Structure formats: C-alpha cells, structure tokens
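J.: I would like to see how this sequence folds:
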Amino acid sequence: MNGSSWLRFAQRSGYSGLLLAALATAPSVQAEIGATDCALAAKYSESKRGAAILVMQNGRVIFEHYANGGSARGRWPIFSGTKSFWGIAALAAERDGLFKLDDPVSDTITEWKSDPRKSPITIRQLLSQTDGIEGASRLQRPSIRDRNAMAIRLPTVAPPGSAFIYGPSHLQIFCELLRRKLKGRDVIGYFETRVSNRLGLGRLNYKKDAHGNPLPATGFELTAREWARLGELILGKGSYHGRQIVPTPLLREAFAGSTANPSYGLTFWLNQQAPNGREADMERMLDLRWENAQWTNVCFCRDAPADMVVALGSGYQRLFVIPSLDAIVVRQGSNASFSDARFLRLVLGRSQ
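T.: Got it, this is the predicted structure:
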C-alpha cells in the first residue's frame, strides 16, 4: 500500500491533521501481513525473552505464538500500557460532560488556584504529561497511603506545556480530579462501567492505596488477546463490537502529539514522525533525565506507517495499532535488549 493509498484510507477512517501529512509521504508497506514474516518476528522476539506475540489484521488473528509452553490464557503485566486504558476513561468522562480537556485542573483541584504555575495547567496537559509537574516515580511505592494527596502537592519543575516529563504523577492527579468530579461515585466503578466492562475485561489489578485510590500508571495484567481489545477499539474509531465507548472525534484527540513531544498524545505513543524521523528506543529515552531527552523528530520505526499508535509498557510490552493496515500487533515479554524497529520490520516484511 503506497503513501497515497494510506492517505485515502486515513481520510475515510476519520484520521487527519499531522498524521495525514505524514501518511502522504510514508514509505511503501505491503497491504497484507504474512504469517511467515510474523514467524520471523516471533523468533526474534523470543530471542529477546519474548513471551507472546499476537497479530490481527482485518478483524481476524493471522498469527499467535506463546513461548516456553505459554498459552493464550496466560496473563502478563503490561506495566505502563495501563495508562492508555485510563486515557480512554478520560475521553469517556468528557463525553459524559464531566469536563472538557482544555479546562484548567484548578477549576476542580481548587488548592491550585493560588499557585501561579499550577493554576493554568489543563486536563489535556495532565494526559499528555506536559503539565510541568515532577514525574515522581516514587508514587508507585505500595507504602504510600494516599497517592492522590501526595500527587497534587508535587512541585512544578517546568512551565506548563514546555516539557514532556514522564511519570505516574500526571495520571494520579487526574485520578483525584475524576474522583472530585464524580462527587461520591467510585473512580474504579466508573472506569469499569465506562471502559473495562465494555471491553469484556475483569479481575484487573488496580494497585489501590489505603484510601482505595487506583494507580492509573501501571498494574494491569492481560492476555495478548485481552490487550488487543484496546486495539480493536482504536480500529473501530471508538467503537468495540458495535458499542460506541468514546465518540470518534474525541478519540482523534488522543492521537495528536504535543509541541513538547510530538510522539506522545493523550496516554498513547505515536509514530507520526516517520518516515523521516530518527528511530529511537523510547524506553531508553525515558531513562534519561527529562531535561536531556530530545523528542523532536523521533519515531518507533521509519518503515512502519506514520498512523501507528502504540501503548507501551516497561520491559518492551507493546500494543501496536496500525489503522492504515487494519492491523494490531501485541508483543509481551521480559526485559531484554529489544528493538521495536527491527521487530516491526520483520512483522511488516521490510527486514531486507
């Protein structure tokens, strides 16, 4: 499928803006993903401690492999892949009229109104991790009794919108905002009603603190097929098995990068700087101090379509969703020296 074909597909599917501009110059990739190519990708993944690979295209499974006697029923931690599910919950909350993405957080977390750096922060900036607040990985410690209270007290380290600072703080603040917006209704109950139950997902690990607050940054364990349901939601433009979970226009908002990091939308990673971007190991980039990370002109894979959306978890847990190919690729495994670009080239038959 050439660049112009991708462009026509994306226009029909409702994807626009920067992604369409990137698609117009995208490199050629075969329209059909082959099982033989997937097998080569599985062999590479397994050599890097891969545990599972699932490839779907046009609504059907075309390849599935589990290493070391694993099975399709085995759940695996997706770590920060959890964030993207809460991003969908945020979009559902906007649909329900609880807020607008560009509302100031201080309208709800009123303690911020007197803080000149925090008062202009928007909900969109929380979800794109560009609010300027410290990332605070320590929030994930199980010993913390009230993560929400700790998160809203964290200091700002950069002006809002100026920097991408990855960490659990932003979604934890969003969790407190949602809790207040729900006015007594349970945050986890809302998430389950609006998102996980509609995707047929149960028995999720929310890593609750002593006050019952979930940890939206991490925690879920899913089978490859369960994680793929999030990909089906994206390919369905917000609909899963005929049921609209978020409106299509709202879903598009999740796939728009920020000035601070064009490769990150609202809890989803993006490949929109392909085909001319510099291929980067996003996990290694996140290990850098936020001041030293350079997010301009980077992509997962130059040979993968620019409309590819990624849910990313530590240890190279990946959900790749490619609307222009109507494809979903799940990779799960243990931490090792893994290359997203090499893996994707193998899956797409572009390894030569």
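
J.: Using the record's assignment, carve the protein into domains.
T.: In the domain annotation for the chain, the residue ranges read 1-67+271-352, 77-219 (automatic domain parsing).

J.: Mind putting the ones you listed into TSV with distance to residue 226, mean neighbour count and mean pLDDT?
T.: Bear in mind the C-beta positions are built from the backbone N, C-alpha and C, glycine included. Listed next are the domains of the chain as TSV, based on distance: least, CB to CB, whole Å; neighbours: other CB atoms under 10 Å; pLDDT from 0 to 100:
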stretch	distance to residue 226	mean neighbour count	mean pLDDT
domain 1-67+271-352	9	19	85
domain 77-219	6	19	98
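
J.: how about TSV for the ones you listed, with distance to residue 245 added?
T.: Compiled in TSV, these are given as follows (distance: least, CB to CB, whole Å):
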stretch	distance to residue 245
domain 1-67+271-352	15
domain 77-219	5
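
J.: for the chain, what spans make up the helices?
T.: Chain-ordered helices for the chain, with DSSP state H as the definition, fall at 3-13, 18-24, 35-47, 82-95, 123-128, 147-152, 169-182, 187-191, 224-235, 248-253, 282-287, 340-347.

J.: Surely residue 339 is in contact with residue 281?
T.: Yes. Counting by CB atoms under 8 Å, residue 339 touches residue 281, with 7.2 Å between them.

J.: Of the domains of the chain, which is nearest residue 260?
T.: Using CB to CB as the measure, domain 77-219 is the one of these that comes nearest residue 260, at 4.4 Å.

J.: what sits against the residue of the chain most remote from its centre?
T.: Here the chain reaches farthest from its C-alpha mean at residue 114, the gap being 32.4 Å by CA atoms, centre = their mean. Contacts for residue 114 (CB atoms under 8 Å, 6 or more residues apart in numbering) come out as none.

J.: Could you do residue 156 as well?
T.: 115, 117-118, 131-134.

J.: My guess is residue 235 contacts residue 323. True?
T.: Yes. Here residue 235 reaches residue 323: they are 6.1 Å apart, a contact under CB under 8 Å.

J.: circling back: out of the contacts of residue 156, the closest to residue 48 would be?
T.: Using CB to CB, those come closest to residue 48 at residue 134, 32.3 Å.

J.: Give me the distance from stretch 175-193 to the chain's centre.
T.: With CA atoms, centre = their mean, to the nearest Å as the basis, stretch 175-193 stands 21 Å off its chain's centre.

J.: quick one: contacts of it?
T.: By CB under 8 Å, 6+ apart, stretch 175-193 touches 85-86, 89-90, 93, 98-99, 105, 108-109, 123, 126, 147-149, 151-152, 206, 208, 212-214, 216.

J.: Let's see that with 6 Å instead.
T.: 89, 98, 105, 108, 148, 152, 206, 213-214, 216 (CB atoms under 6 Å, 6 or more residues apart in numbering).

J.: gap between the two ends of that stretch?
T.: Distance between the two ends of stretch 175-193: 16 Å, counting by CA to CA, to the nearest Å.

J.: List the residues that contact residue 326.
T.: 57-58.

J.: CA atoms only: put stretch 218-236 into CSV for me.
T.: Only the C-alpha atoms of stretch 218-236 are listed here, as CSV (Å, rounded to 0.1, in the frame of the first residue of the first chain):
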residue,chain,number,x,y,z
THR,A,218,0.6,0.7,35.9
GLY,A,219,-0.8,-2.6,37.3
PHE,A,220,-2.9,-4.3,34.7
GLU,A,221,-2.2,-7.9,33.7
LEU,A,222,-3.8,-9.0,30.5
THR,A,223,-3.6,-11.8,28.0
ALA,A,224,-2.4,-10.8,24.5
ARG,A,225,-6.0,-11.2,23.2
GLU,A,226,-7.4,-9.1,26.0
TRP,A,227,-4.9,-6.2,25.4
ALA,A,228,-5.7,-6.4,21.7
ARG,A,229,-9.3,-5.3,22.5
LEU,A,230,-8.0,-1.8,23.1
GLY,A,231,-6.5,-2.0,19.6
GLU,A,232,-9.9,-3.1,18.3
LEU,A,233,-11.5,-0.1,19.9
ILE,A,234,-9.0,2.2,18.1
LEU,A,235,-9.6,0.5,14.8
GLY,A,236,-13.3,0.8,15.4
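
J.: Now that we have the helices of the chain, can you turn them into JSON lines and tack on distance to residue 65?
T.: Formatted as JSON lines, the helices of the chain follow (distance: least, CB to CB, whole Å):
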{"stretch": "helix 3-13", "distance to residue 65": "28"}
{"stretch": "helix 18-24", "distance to residue 65": "30"}
{"stretch": "helix 35-47", "distance to residue 65": "4"}
{"stretch": "helix 82-95", "distance to residue 65": "23"}
{"stretch": "helix 123-128", "distance to residue 65": "34"}
{"stretch": "helix 147-152", "distance to residue 65": "37"}
{"stretch": "helix 169-182", "distance to residue 65": "32"}
{"stretch": "helix 187-191", "distance to residue 65": "31"}
{"stretch": "helix 224-235", "distance to residue 65": "9"}
{"stretch": "helix 248-253", "distance to residue 65": "30"}
{"stretch": "helix 282-287", "distance to residue 65": "22"}
{"stretch": "helix 340-347", "distance to residue 65": "12"}
